[in-house]
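Undergrad: Make a model of this:
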Amino acid sequence: MILLVLLAGLGPAHAAETVPVPVTLVDLREADASTKLALACLQGIVNRGAERPVLYCVHTAQDRAWFDQVYAARGFKPEEKTPAEAIARFADRIKGEVLYDPAQPETINLATALAGLEDVLPVTAAARDASRKLVEDLTRFKDRREACHWAIESLLPRCNRAKLAVLKPEQVGLRDYLVAEKILPVGLNPGVKEEAELLRTLLGKLEPGALLFWGERIGSPVETRALFARDPGDAMPALARATAMRLVPGADVANLSFHARVPAYAPLRQYKRLVEHHLASYVTFLFSGNGNLDFGLGRMSTLWDDAARGYIPLGWELHPLLAELAPALLSYYYVDAWWAGVDQFVMAPSGASYLPPADPKAFEAFVAETNEAASRADLTAVSVIDVSASDHDRPWARLALQPAVRGFLAAGTSLGPTLSLGKPLIGETVHVTDVEKATEAILAAAQKQRFVLAVVDAEKVTPTDVVQIAARLGRGIRVVTPHYFLDLLAERVFLDTVGPTMALAKLTKVTFSPREPGPNDPITVKATISGGVIDARVKYNINGSPDFTEPLAKVGDDYVATIPPTLRGGKLTFKVRITDGLFRTSWSGECALDIKATDSDEDGLSDYHEELCGLDPKNKDTDGDGLFDANDSAPLVPFPRPKDVEGPIITAIVTAPRTPPAAGKPMALRALVFDPTGVKEVTVKVAAGERDLGRGEMKQIGSTQVYEYPLPTLVAGQTVTFTIGAVNGAGKASLVTESVPVTVGIRITSPPANTLIQKPTPIRIQTAGQVALVRVLINGFEVARLSKPPYEYVWNPAQYDAATHEVMVEAFDGEGMLLDADAVYLRVPPKRR
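TA: Numbering: from 1, shown residues only. Predicted coordinates:
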């Protein structure tokens, strides 16, 4: 028997709460260049010294949107001021002025540095305030080179040696952060020989592995690889790589002095679906920002609001520095992804730096920092750009040794599915810039390989476009999230290339902590495993949700995984699965935990979860549209009432456990029905053509707004029509009709679930409709293919460990398309000695 042990222990600290603070908000969209510079520098000065940030500048519409969506919803109260009013408001923080000359662009950078060092305001001669002390006159320099030499000699020794910025004079966004962190900005152009030499000198005076913020946006990984294929010279990526600096391109981002000082309000953890094996090809779509810091705070936010986002599995590159520079904004994405359940995040190229450093010693530090970043924001899949000259220098070879790194997407590299030290790796299969061309390319690629990485050009393609592509791929190609994709790839490549070994494994003990987790507590699971294991993971679900998974990593003598906070109350069940060198899989016993969480309004969402999402924990319908928050994909935006509908809104009509319904197996009709005045009655009529299949009342499931009706046994090939009627509390009625085709069905008729199997036992399978092939899988691995009825497979439990085992059957048509599946869990008892 495998022992489940409770480990008492303290849970981690809760996510920090934001204390309500008045914020001076200044709109600079119409301001001139000198005003923008002055306010950005003032912002860095006052935010650096405040317990909470107190000055926020609006440079773009997106800046305002972030404040309204994230900060205003969490207690930050905007007090809108003009630039002059803001300067007057914080006059006591200004210790003087520094004079710069707009005609000498480099003096703008020097003025920014002095603003950080001396808490002074940069001004032009025309804007001088005689009442303030003039700390420095920067108009004396003849050219950029002279100004930069002075900066290196006089300013750099006093500045932050762990960071440097290369900015054009007109790039204002990052300057508040530079002032707050006392970072030196320079305008040196590595494309000019003399300036490149000076920049090299400057970089040599920084700390090893310093952050190099670059205001310029960088192109695609293909362009970067092409740059290194020829002589890159002193191009910024090459210069940063050669000097072991951590390049951060696209760094002209505003308000980082504000963003960096507001902590994350939600756990930065992702929920990863447990893979299911099918005879199909798989594609994952990855929206890429090419490693630019501004992608996550700009273009990605626009794409995130696309109407199709949340309805199809998608991957998104996030820069790992955002966990440090904008943790609250990162929380916004993570909470939203948890809500929709189909978005996953990947670490942007190439981990802790845009490119791995060339120096071996610096590379080891880069590897460690990448592993730390992967842990900090659960960005365990890493997008990597490879510009190495030989196979020996490939970056993933050493990154794969890091426990937090679980797989690689090699952007810009045409590399087929493979493994690097057991970690999945695949190159960019298709670059998505157009719906038609991408569809053709994915279909062609799927003929050659089962796994297709489609990297999406985020400037040209939207989630709506991806939905159009996915709709044209057919049922033989499944769209999955990046983590799901990499897990499948790893298992398939291992089976195809490594083959079985005599490395046997045994699971002897599973422990977990804390003893009584709350909705905001992660749960640590430890397993004691002896022998050789090729895969170990914990499978879990929350309140009967789809199964999620976390891999178990070797830590000392144990294998350890952390289940993310559930964010809600209810029943959490988990078990550990291990696979040994003979591909034998065994499971621990199942453990069930009662996650206790306060739900003041009894809407199915814990108070903690509602606070994360900016909802009212004492009102189950925050936006007052009749749809409870727990069922509402946009709980702060009233659901649009269809034209001419006076009664309840009837939507989300599905059949369970699958849609479209399968023939020959138990099915039920479900619909979401709601109204601000309440729902009095819901009825349904079911028909197939002219044939009446029954009618009756749909019953509400618990306290949800989902209503259910058991369907009669359906026949494959039928088209079934549902006519649903509902009446609200005011006596108003509504009617909706929907038709769906009935597809082939498959089910295991015996033995029933949880049967104790002690001798060879037939697994009997029944199909309804035209089936060309039935596949039988034990614990995810194929054991038989059956081509004609009666469909039966004799399972010998002597070949399996004492544990609970999953038996799955799948039905396919003549073209290899998956039609339906069914599964049961069967138990094998301990063997007698």
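
Undergrad: The stretch 401-550 of the chain: helices as residue ranges?
TA: Under the criterion DSSP state H, counting those that start in this stretch, the stretch 401-550 of the chain contains helices at 435-446, 463-471, 482-497.

Undergrad: quick one: contacts of the longest one?
TA: Counting by Cβ atoms under 8 Å, 6 or more residues apart in numbering, helix 482-497 makes contact with 270, 272-273, 275, 277, 282-284, 286, 313, 315, 344, 346, 380-381, 406-407, 409, 417-419, 422-424, 426, 450-451, 453, 480, 534-535, 549, 583, 780-781, all of which sit outside it. Bear in mind the C-beta positions are built from the backbone N, C-alpha and C, glycine included.

Undergrad: returning to that earlier point: residue 120 is nearest to which of the helices of the stretch 401-550 of the chain?
TA: Smallest distance to residue 120 across the helices of the stretch 401-550 of the chain (Cβ to Cβ): 46.0 Å, for helix 463-471.

Undergrad: I'd guess residue 328 is in a helix, am I close?
TA: Yes. Counting by DSSP: H, G, I helix; E, B strand; the rest coil, one finds residue 328 located in a helix.

Undergrad: Walking through the stretch 251-400 of the chain, point out its helices one by one.
TA: 256-259, 299-304, 322-325, 327-340, 360-376, 395-399.

Undergrad: As a markdown table, those helices with mean neighbour count, distance to residue 218 and mean pLDDT would be great.
TA: As requested, the helices of the stretch 251-400 of the chain are exported to a markdown table (neighbours: other Cβ atoms under 10 Å; distance: least, Cβ to Cβ, whole Å; pLDDT from 0 to 100):
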| stretch | mean neighbour count | distance to residue 218 | mean pLDDT |
| --- | --- | --- | --- |
| helix 256-259 | 28 | 19 | 98 |
| helix 299-304 | 18 | 14 | 97 |
| helix 322-325 | 20 | 17 | 98 |
| helix 327-340 | 20 | 21 | 91 |
| helix 360-376 | 17 | 18 | 95 |
| helix 395-399 | 21 | 17 | 87 |
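
Undergrad: Can you check which of the helices of the stretch 401-550 of the chain gets nearest to residue 397?
TA: When those are compared by Cβ to Cβ, helix 482-497 sits nearest residue 397, at 16.1 Å.

Undergrad: quick check: mean pLDDT across that closest one?
TA: Regarding helix 482-497, the rounded mean pLDDT is 88.

Undergrad: circling back to that earlier point, nearest to residue 214, of the helices of the stretch 401-550 of the chain?
TA: helix 482-497 (26.6 Å).

Undergrad: Show me which positions of that closest one end up buried.
TA: Using 16 or more other Cβ atoms under 10 Å as the test for burial, helix 482-497 gives 482-494.

Undergrad: so where's the stretch 651-800 of the chain shaky on pLDDT?
TA: Judged against pLDDT under 70, the stretch 651-800 of the chain has no low-scoring part.

Undergrad: Look up the pLDDT of residue 392 for me, please.
TA: 60.

Undergrad: Actually, residue 569.
TA: Looking at residue 569, the pLDDT reads 85.

Undergrad: Find the nearest non-adjacent residue to it, please.
TA: Nearest non-adjacent residue to residue 569, counting by Cβ to Cβ, 6 or more residues apart in numbering: residue 597, 3.1 Å away.

Undergrad: And that neighbour, how far from residue 617?
TA: 11 Å (Cβ to Cβ, to the nearest Å).

Undergrad: between the two, what contacts are shared?
TA: Both residue 597 and residue 617 are contacted by residue 607, under the criterion Cβ under 8 Å, 6+ apart.

Undergrad: All the helices of the stretch 601-750 of the chain, in order from the start?
TA: Remark: helices assigned in the stretch 601-750 of the chain by DSSP H, counting those that start in this stretch are 607-612.

Undergrad: count of neighbours near residue 625?
TA: By the criterion of other Cβ atoms under 10 Å, residue 625 has 19 neighbours.

Undergrad: need the helices of the stretch 251-400 of the chain in a markdown table with distance to residue 115, can you?
TA: Shown next, in a markdown table, are the helices of the stretch 251-400 of the chain (distance: least, Cβ to Cβ, whole Å):
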| stretch | distance to residue 115 |
| --- | --- |
| helix 256-259 | 12 |
| helix 299-304 | 29 |
| helix 322-325 | 19 |
| helix 327-340 | 25 |
| helix 360-376 | 29 |
| helix 395-399 | 38 |
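
Undergrad: Out of these, which gets nearest to residue 811?
TA: Judging the helices of the stretch 251-400 of the chain by Cβ to Cβ, what sits closest to residue 811 is helix 327-340, at 29.9 Å.

Undergrad: What are the contacting residues of the closest one?
TA: Contact partners of helix 327-340, identified using Cβ under 8 Å, 6+ apart, comprise 15, 18, 66, 69-71, 74, 259-260, 262-271, 296-297, 304, 309-311, 316, 318, 322-323, 343-345, 377, 567, 612-613, 633.

Undergrad: Which residues are in contact with residue 395?
TA: Taking Cβ under 8 Å, 6+ apart, we find residue 395 in contact with 350, 356, 384, 386, 388.

Undergrad: Could you pick out the buried ones from those?
TA: Neighbour counting over the contacts of residue 395 (16+ other Cβ under 10 Å) leaves 350, 356, 384, 386 as the buried ones.

Undergrad: need the contact list for the nearest residue to the last one once chain neighbours are set aside.
TA: Spatially, and ignoring its direct neighbours in sequence, residue 386 is nearest to residue 413 (5.5 Å; Cβ to Cβ, 6+ apart). Residues in contact with residue 413 (Cβ under 8 Å, 6+ apart) are 221, 225, 385-386, 427-428.

Undergrad: same thing with residue 744?
TA: 662-663, 716, 767-771, 811, 813, 819-820.

Undergrad: Identify whichever of the helices of the stretch 401-550 of the chain lies nearest to residue 730.
TA: helix 463-471 (36.7 Å).

Undergrad: Which residue is most remote from the mean position of the protein?
TA: Relative to the centre of the chain, and counting by Cα atoms, centre = their mean, the farthest-placed residue is residue 130 at 52.4 Å.

Undergrad: Can you tell me how far that residue is from residue 97?
TA: Taking Cβ to Cβ as the measure, residue 130 falls 10 Å from residue 97.

Undergrad: coming back round to it: restricted to strands, list the buried ones among the contacts of residue 395.
TA: Assigned to strands by DSSP state E, none of the buried ones among the contacts of residue 395 qualify.

Undergrad: and residue 197, what element?
TA: Assessed by DSSP states H and E, residue 197 sits inside helix 193-203.

Undergrad: With just CA atoms, put that helix into PDB.
TA: This file holds the C-alpha atoms of helix 193-203, laid out as PDB (Å, rounded to 0.1, in the frame of the first residue of the first chain):
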ATOM      1  CA  LYS A 193      32.200  52.600 -34.700                       C
ATOM      2  CA  GLU A 194      33.400  55.300 -32.300                       C
ATOM      3  CA  GLU A 195      30.200  55.100 -30.300                       C
ATOM      4  CA  ALA A 196      30.300  51.300 -30.200                       C
ATOM      5  CA  GLU A 197      33.800  51.500 -28.700                       C
ATOM      6  CA  LEU A 198      32.600  53.900 -26.100                       C
ATOM      7  CA  LEU A 199      29.600  51.700 -25.300                       C
ATOM      8  CA  ARG A 200      31.900  48.700 -24.900                       C
ATOM      9  CA  THR A 201      34.000  50.700 -22.500                       C
ATOM     10  CA  LEU A 202      30.900  51.600 -20.500                       C
ATOM     11  CA  LEU A 203      29.600  48.100 -20.400                       C
END
